[in-house]
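> Sequence and predicted structure are below.
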Amino acid sequence: MGVLAARTALYRLGGRLGGAVRLVAASLALLGAGGAVAQVAPDLVGSKYGERRAYFSDWLASCRPDGSCHALTYIGAEGDFFDHAVRVSVPRAGADMALVIAGPRADAGSATIALRVDGGPTHRLPPGEDLGWANAPGDAANEFRISQSKANLSVIPEMKAGRFLTARWAMDEREIDRLQFSLRGLTAALAWIEAHQAP
C-alpha cells in the first residue's frame, strides 16, 4: 500500500471511529514522539517503511531516519495521487523548503503555471529554474518544482495562512488545466516537522 493509499485507509478508519481514534493518536504522540513534537497533536500517527508519519486534516507529514521530511496532500481518486499532488519538502532543520506540484499533464513542458492562494496575488511562473519552475532529476514527468526563492519568500507563507491553493497551467495564453488543493492541516504539518527536526 502506498503512502497516500495508507492515508486514505486511515482517514476512513478515523471517520468510522471519530473521536476515539483522535484520542488514541494524541496519546501515542505524547508517549512516543517526544515533548516538542507532541505540542502539535495530529489526527493520526504511525510509523511505516522506517518513516515517522502524522496526519493533519488534509495533509500527511512524514520524516525519514536521515532527518529529511515532507508534507503532502493530493486530490483525485485513491491511487491517482501522483497525478494531483502538492509536496513541501524540508531536507533538514533550517533549510529552504522545496515546493513541488504534480499536475495532470506530463506534456506541459513549456507551460506557464499560475499559483494563487484564496483571493491573494497570482504568481505566474514560466519554465526556468531561477524565476519559475523546473523538472529536476528524479522528479516525475508531470512534477513542477517551483523556484526556491519564489516558494520560500511568497508561495509557502501564503499557503500556511490560506485555505485553498489554485494551480493553473497555460500555454500560449490558453488554460489547459486547473487544480485546487486544500491547505487545511498544512501549517500544523509543518510545525510537526519543525519540532521533529529540532535538535
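Received, thanks. Residues are numbered from 1 along each chain as shown.
> hey, where'd the helices end up in this protein?
For the chain, the helices identified by DSSP state H occupy 3-17, 19-32, 35-38, 148-150, 156-161, 186-197, in order along the chain.
> as a whole number, average confidence for the fourth one?
Per-residue pLDDT over helix 148-150 has a mean of 88.
> By mean pLDDT, flag the weakest helix or strand of this structure.
The helix or strand with the lowest mean pLDDT-type score in the chain, counting by mean pLDDT, DSSP states H and E, is helix 19-32 (a mean of 32).
> Low-confidence stretches in this protein?
Low-confidence segments of the chain, defined by pLDDT under 70, are located at 1-41, 48, 77-83, 104-109, 129-131.
> Dead centre of it: give me the residue that sits there.
With the centre of the chain defined as its mean C-alpha position, the nearest residue by Cα atoms, centre = their mean is L72, 2.6 Å away.
> From A71, how far out is the nearest residue to G76 once chain neighbours are set aside?
Closest residue in space to G76, ignoring its immediate chain neighbours: H84 at 4.2 Å, by Cβ to Cβ, 6 or more residues apart in numbering. C-betas here are computed from N, CA, C, even on glycine. In this view, H84 and A71 are 16 Å apart by Cβ to Cβ, to the nearest Å.
> out of those two, which sits in the busier spot?
Taking other Cβ atoms under 10 Å, H84 and A71 do not tie; A71 has more neighbours (25 against 21).
> Give me the buried positions along stretch 165-183.
165, 167-170, 177, 179, 181-183 (16 or more other Cβ atoms under 10 Å).
> And stretch 151-161, by the same measure?
151-152, 154-156, 158-160.
> coming back round to it: ok, the residue nearest to G76 touching L179?
Yes. Proximity of H84 to L179 meets the contact threshold set by Cβ atoms under 8 Å, at 6.0 Å.
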